[in-house]
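Visitor: Prediction below, plus the sequence it came from.
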Amino acid sequence: MKSRLIATLVQHLGSHLGFMVFVLLFVTGVAASTAYTVYRMRVEALAQHVAIATVQARAIEDHLTQSLVLLDQTVINASQMNSGEASWSFEGVLRNAPALRSISLLDDKQRIMFSSNPANVGIRVGADDYLPPGPENCDLLRIGRPWSGRDFASGAPIRTLQPADLSASGFIPLLRCVRRGDQVITVAVALNPDYFINYYSARLAGEVGLVDVLRYDGIQLMSTDEQFLPGEQRQDERFLTRISEIESGSFEQVLHGDQTVISAFRASRLFPLVVVLNVWRKHALATWAAESQRLLLMVAPVLLAVLVLATWLYVHLRRVGALQAEARQRDRDRLAATVFTHSREGIVIANADVRIVDVNEAFTRITGYSREDALGKNPRLLSSGQHSREFYVEVWRKLLGEGYWFGEFWNRRKNGELFVSQITISAVRGSRGEIQNFVSLFSDITPMKERQLQLEHIAHHDTLTRLPNRALLADRLRQAMVHSQRRGQLLALVFVDLDGFKAVNDSYGHDVGDVLLITLAERMRIALREGDTLARIGGDEFVVILVDLEQRQDCEPVLERLLQAAAAPVQERKRVLQVSASAGVTFYPQAGVDADQLIHQADQAMYLAKQAGKNCYRIYDEEEFVRA
Ligand SMILES: Nc1nc2c(ncn2[C@@H]2O[C@H](COP(=O)(O)OP(=O)(O)OP(=O)(O)O)[C@@H](O)[C@H]2O)c(=O)[nH]1
């Protein structure tokens, strides 16, 4: 059950590598989408805090503007009092304006004439470095640079180049020109920054962020930052350009050397002031960091588990696959061994040096050589000596050129008997193309070959006399004609027809006639020389080919023997049979004469012999024939 499940898994997962690629893609995909989610959460967290900072900046700016509008009104009201009531009235004003430390009237030389703080009288306040710049903006509330000290009497303007750490005390001077009748008087107030800083600190805890208030020109007025330097000129050109161009916006900056903050700013609608609200990015991302950590703690172990499981499965499946492949290979080897052992065909395996390295049982059965007889020997062991050198050269040429040879070999068994084998020899090459083995498969086709020879014999021989028939005669005659032309020798073609054979048949029957035919055929065959051919071409007609004649007369002894053989009596049981033969002879070469014409000529000559009284022969002579 388990192995079937694994087999199915292997089948369905395709290649193991493909499976691992799939798992890696899956893990990468999940990791990528998790990373993207974390990234999106971060972007959203930052965007959310930008929105919060923007809302807070707006609220604080609103508070600041409202406070200053109220202050402006207070200053106008206070300035309408005559100088006699001013001192006590200023005190009353201060009681209702907690953001003010003092309120003073200036003379035309910017020197304090009257003040809620008598110590201020005589102090020169100056009208430079105020925003908006005077004197055309004299009747607006103008914001000065921060001063050190609690009030004009104990303080001094802070120079930009040397901002002072005055977290302990400091104030912001404000000027306002007010018309009283035809007189213009200038009111100066000392604004207490702590009033605002406390308010801002209550709205925005220090670990969340900081609030800065700047003039339009970038001079820092107040801040909830403990490292704040009042009067410092902000150097960030881009920031200064932005706040001078747009009312609100956001950006990122680095504070305290390495702390990134998300800053939202909002410019006052009525006063040359900008509120900058900075949220520590660390704080903005704290929730995101925690959630991301939780998400990663959930996803990472799952991915790790998937990877470990997949790797284990991969290794396991590979091992199972390797075992299965080994088992399949073993099965194949077993099958090959079975085929090798039980094949009905003889198998010879030779190495590259053409030495036998293995043979099967069929080899021993067919050849009679045992495995031990054959090992280490050249397959020439079976050579019969029946084939020419050219034959072997051709075998090797084809084997090395085309990789195989197929054909028939005459071989010799261990007991010396010849046998015909039908054989396929293959050259087995290694990966680099070098020959490693020669494998021969052969079967003993001797019985088949014999049957084939029998059939061929039947097809070419007369069944009664066993002499060559007309077909084989034609073949032999063609060969003899070629041979005679090549050697420049004569051949004689003799047409023999028995005389009076019909009478034998008629008197004693066909069977007796057959016996006579067989006997005379054998006698005539014996009368010939070796190399000559006697064929029966039908009934009592025979044709003889006499080869290798130097001259025409050389055939005469053979012809005589032939006629004598045909005319000799034959004892058949108690009967004596006797016929004779008439023969016609013609010679070759003759110009323009083929085999059929030769037979025709001999036939005609034989006809003349019959006419001449039988039991004789006649040489074909064209003129004589024409005369006859
Ligand atoms: N027994 C036997 N007779 C055959 C065979 N084939 C043909 N014959 C006979 O052989 C005879 C040949 O005829 P002819 O050559 O005219 O007879 P013939 O008596 O020799 O005549 P001439 O040649 O003129 O002397 C015919 O009677 C055929 O029937 C055969 O295979 N066996």
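Guide: Sure thing, it's come through.
Visitor: and the closest residue to residue 375 other than its chain neighbours, backbone torsions?
Guide: Sequence neighbours aside, residue 356 is the residue nearest to residue 375 in space, at 5.8 Å (criterion: C-beta to C-beta, 6 or more residues apart in numbering). The way it works is simple: take the backbone N, C-alpha and C, and place the C-beta from them, glycine included. Dihedral angles of residue 356 (phi, psi; degrees, to the nearest 10) stand at phi -70, psi 130.
Visitor: What residues does residue 356 make contact with?
Guide: Taking C-beta atoms under 8 Å, 6 or more residues apart in numbering, we find residue 356 in contact with 348-350, 374-379, 381.
Visitor: Just the ones of those residues in helices?
Guide: Taking DSSP state H, the ones among those that sit in helices are residue 374.
Visitor: List only those of the contacts of residue 356 flagged as buried.
Guide: 348-350, 374, 377, 379 (16 or more other C-beta atoms under 10 Å).
Visitor: Identify the farthest-apart pair in these.
Guide: Greatest spatial distance among the buried ones among the contacts of residue 356 (C-beta to C-beta): 349 and 377, at 12.5 Å.
Visitor: any chance of the buried ones among the contacts of residue 356 in TSV, with pLDDT too?
Guide: Below are the buried ones among the contacts of residue 356 laid out as TSV (pLDDT from 0 to 100):
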residue	pLDDT
348	96
349	96
350	96
374	96
377	96
379	94
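Visitor: want to throw the residues you listed into a markdown table with distance to residue 439?
Guide: As requested, the buried ones among the contacts of residue 356 are exported to a markdown table (distance: C-beta to C-beta, whole Å):
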| residue | distance to residue 439 |
| --- | --- |
| 348 | 7 |
| 349 | 5 |
| 350 | 8 |
| 374 | 14 |
| 377 | 16 |
| 379 | 11 |
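Visitor: Which parts of the stretch 301-450 of the chain are strands?
Guide: 346-351, 356-359, 404-412, 418-429, 435-444 (DSSP state E, counting those that start in this stretch).
Visitor: Check which residues of the shortest one are buried.
Guide: The reference is to strand 356-359. Using 16+ other C-beta under 10 Å as the test for burial, strand 356-359 gives 356, 358-359.
Visitor: cool, stretch 311-331 as well?
Guide: Under 16+ other C-beta under 10 Å, the buried positions of stretch 311-331 are 313-314, 317, 320.
Visitor: How far off centre is that stretch?
Guide: 22 Å (C-alpha atoms, centre = their mean, to the nearest Å).
Visitor: now it: mean pLDDT?
Guide: Per-residue pLDDT over stretch 311-331 has a mean of 90.
Visitor: Mind exporting the C-alpha coordinates of it to CSV?
Guide: Output of stretch 311-331 as CSV, limited to C-alpha atoms (Å, rounded to 0.1, in the frame of the first residue of the first chain):
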residue,chain,number,x,y,z
THR,A,311,13.7,18.1,0.8
TRP,A,312,13.1,15.0,2.8
LEU,A,313,10.5,13.8,0.2
TYR,A,314,12.8,14.7,-2.6
VAL,A,315,15.7,12.8,-1.1
HIS,A,316,13.4,9.9,-0.2
LEU,A,317,11.8,9.8,-3.7
ARG,A,318,15.2,9.9,-5.3
ARG,A,319,16.3,7.0,-3.2
VAL,A,320,13.1,5.1,-4.0
GLY,A,321,13.5,6.1,-7.7
ALA,A,322,17.1,4.9,-7.6
LEU,A,323,16.1,1.6,-6.0
GLN,A,324,13.3,1.2,-8.6
ALA,A,325,15.8,1.9,-11.4
GLU,A,326,18.2,-0.6,-9.9
ALA,A,327,15.4,-3.2,-9.7
ARG,A,328,14.4,-2.5,-13.3
GLN,A,329,18.0,-2.8,-14.4
ARG,A,330,18.3,-6.1,-12.5
ASP,A,331,15.1,-7.3,-14.2
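Visitor: Return the per-residue confidence for the residue nearest to residue 375.
Guide: 96.
Visitor: likewise the one 10 residues further on?
Guide: If you check residue 366, the pLDDT there is 95.
Visitor: Run a quick neighbour tally on it.
Guide: Neighbour count of residue 366, defined by other C-beta atoms under 10 Å: 21.
Visitor: same question, residue 403
Guide: 13.
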